[in-house]
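A.B. asks: What follows is a predicted protein model with its sequence.
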Amino acid sequence: MRDFVSARVRAIPPSGIRKFFDIAQTMEDVISLGVGEPDFVTPWCVCEASIYSIEQGSTAYTSNKGTPQLRGAISRYLDTRFGTCYDPDEEVIVTCGVSEAADIAIRAVTDPGDEVLVAEPSYVSYTPCVSLAGGVPVTVPCRAEDEFRLTADALMERITPRTKVLVANFPNNPTGGVMPEADWRAIADILVDHDLLLISDEVYAELTYDGDHFSPAKIPELRDRTITLNGFSKAFAMTGWRIGYLCAPPALAAAALKIHQYVALCAPVMGQVAAYEALRNGEAEKDAMVQEYRLRRNLFVDGLNKLGLACHLPKGAFYAFPSIESTGMTDTEFAESLLYEQHVAVVPGSVLGPSGAGHVRCAYAVSRDNLKEALSRMGAFLESAK
Amino acid sequence: MDDKDRILLQLLEENCRTPTNELAVLAEVSEQDIRDRIDRLEAAGVIRRYGAVVDWERAGNGNVAAVIGLKVSPERDFGYDRIAERIARFPAVRSLRLMTGAYDLQLLVVGSSMHEIARFVAEQIAPMDRIRETATHIIMKTYKENGTTYAGREEVERLPYSF
């Protein structure tokens, strides 16, 4: 029999953490700093709203783009929160999580052979999405010495006549790096000069600890060449509800909608009802969660540095990205030994991009007690590795 | 009161035994600053007392608690303050509040038995001048106290890894 799997799918490398996953499954007392999701339960008002809607029989398809209520609420929220304006009818699509939004955004604009720049280290889906669309992913390094910001120099080095799109995610998973307005302005000039499109994944926007999040679509010259992605998973602890959204000028939104209507039809209605409630009444609980993440960040990063694992203070998301080079191990060796010996799960930085090598991603979306326990286990691990 | 004070108060309310050096790291200020703030908040009476949230039901001492509503005729010039001051002096009265609604004062009373509470209300509270009516509600079960939920919920399993 032939190998029926397509060449494009075959070319996608297997997940870099599958092995770790299997090891961790065999252990009882793992403290996992390996998860990219909040440990909080979704605010109860949000759950109640969704339960009530199910009781009322709200279980059908919605408009492809999402319910008008939710799109309207998203539009108002983006305006008040980040100062970006999107027309809820023409420029907003509710998706099945930001994962789907990233996929349809990339597919909507990528032709075979197009080069798509992906700022790395990064979330793992962008590069395969580009490949599946027939594009050529080209990574742009964001380095520790720049606090993992995207610099104009690094971007310029990777631009060729075939370059069409830049995908960036700030606040960043895995580094916690953020891009202040001045940095975005420098990038904006290059994008305009080379007539490039920006896909900006801002799912961690609410988790910004020092200063406000800056949304690049706020820059007038970028507004019409930006697809903004965001969602409810991280800010409102709603990962399992699978609700994200894509905002773009009408022509680009219409293109993405063509794909969305065929792959997803619409995002789940229960999740859309929940997301609407989150925007209406979830702010206080969101703020409390953000404050708690900040406390955890302070505790954990202080602890890492005391252990001799150099770590800059991340300004966003819920990841610490310490350098483990002082141990003499590679990030993969470090992560594997730490899991085997002390049952602490972290993600090796190199699986998230070449610039992540020598670092490990630690999600501090776990209780402060567990963070303290993880730090003490990491201390014991470093002691025994000496 | 600034943001750092507010965070410090929340942290102490959550666990007043958190060491000063940890409070300093969490609140992003120096240890000396933490000590100064605590001194100031104590002196100002913002921090009233440090204590534990105790689940007495679980401790099994058999105490009984009741919420008691009182209708009170207020006094000229003093309103409810003088009668409240007198009621507050009984050690069995654990909390006392002036409320809107059908009853004016609300008491939380703790005793060793239902009988003891009934006697306390009948003999000490009800006969006081200006008390027009009492309503005693025995607490049957506590689900949540001071923000702490008593019944343990099963932790939901999360994946050990996800991107």
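C.D. replies: Looks like it came in fine.
A.B. asks: so where do the strands sit in the stretch 151-300 of chain A?
C.D. replies: Using DSSP state E, counting those that start in this stretch, the strands of the stretch 151-300 of chain A run over A:163-169, A:197-201, A:226-231, A:244-247.
A.B. asks: now swap in chain B and tell me
C.D. replies: When assigned using DSSP state E, the strands of chain B occupy the ranges B:64-72, B:93-98, B:105-111, B:131-138, B:144-145, B:148-149.
A.B. asks: The fifth one close to chain A?
C.D. replies: No - for a cut-off given as Cβ under 8 Å from any Cβ of the partner chain, strand B:144-145 has no contacts with chain A; the smallest distance is 12.4 Å. From N, CA and C alone the C-beta is placed, and that goes for glycine too.
A.B. asks: That strand pairs with which strands, parallel or anti?
C.D. replies: strand B:148-149 (antiparallel) (DSSP bridges).
A.B. asks: Rounded mean pLDDT for the strand it pairs with, please.
C.D. replies: Regarding strand B:148-149, the rounded mean pLDDT is 84.
A.B. asks: Any chance of the strands of chain B in a markdown table with mean neighbour count and distance to B:Lys4 as columns?
C.D. replies: Shown next, in a markdown table, are the strands of chain B (neighbours: other Cβ atoms under 10 Å in any protein chain shown; distance: least, Cβ to Cβ, whole Å):
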| stretch | mean neighbour count | distance to B:Lys4 |
| --- | --- | --- |
| strand B:64-72 | 19 | 36 |
| strand B:93-98 | 14 | 29 |
| strand B:105-111 | 20 | 33 |
| strand B:131-138 | 14 | 41 |
| strand B:144-145 | 10 | 28 |
| strand B:148-149 | 10 | 25 |
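A.B. asks: the bottom helix or strand of chain B by mean pLDDT?
C.D. replies: Every helix and strand in chain B was compared by mean pLDDT, DSSP states H and E; the lowest is helix B:56-59, with a mean of 82.
A.B. asks: Determine the set of other helices and strands touching that helix.
C.D. replies: Applying 3 or more Cβ pairs under 8 Å, 6 or more residues apart in numbering or on different chains; DSSP states H and E, we find helix B:56-59 packed against no helix or strand.
A.B. asks: which other residues reach that helix?
C.D. replies: With contact meaning Cβ atoms under 8 Å, 6 or more residues apart in numbering or on different chains, helix B:56-59 is reached by B:63, B:141-142, B:150.
A.B. asks: Swap in 6 Å and give it another go.
C.D. replies: Outside helix B:56-59, the residues that touch it by Cβ atoms under 6 Å, 6 or more residues apart in numbering or on different chains are B:Asn63.
A.B. asks: the helices in the chain, which residues?
C.D. replies: Assuming you mean chain A. Assigned helices in chain A, in chain order: A:7-10, A:18-25, A:44-55, A:68-82, A:97-109, A:126-132, A:152-158, A:181-193, A:220-223, A:250-263, A:269-281, A:283-306, A:331-342, A:368-385 (criterion: DSSP state H).
A.B. asks: Oops, wrong one, chain B.
C.D. replies: Secondary structure of chain B, counting by DSSP H: helices at B:3-14, B:20-27, B:31-43, B:56-59, B:81-88, B:114-120.
A.B. asks: Would you mark the buried spots in the fifth one?
C.D. replies: Just to be clear, that refers to helix B:81-88. Neighbour-count burial for helix B:81-88 flags B:83-84, B:87 (criterion: 16 or more other Cβ atoms under 10 Å in any protein chain shown).
A.B. asks: quick one: the least confident helix or strand in chain A by mean pLDDT near chain B?
C.D. replies: Lowest mean confidence among the helices and strands of chain A (mean pLDDT, DSSP H and E): helix A:18-25, at a mean of 86. Yes - applying Cβ under 6 Å from any Cβ of the partner chain, one finds helix A:18-25 touching chain B at A:20-21, A:24.
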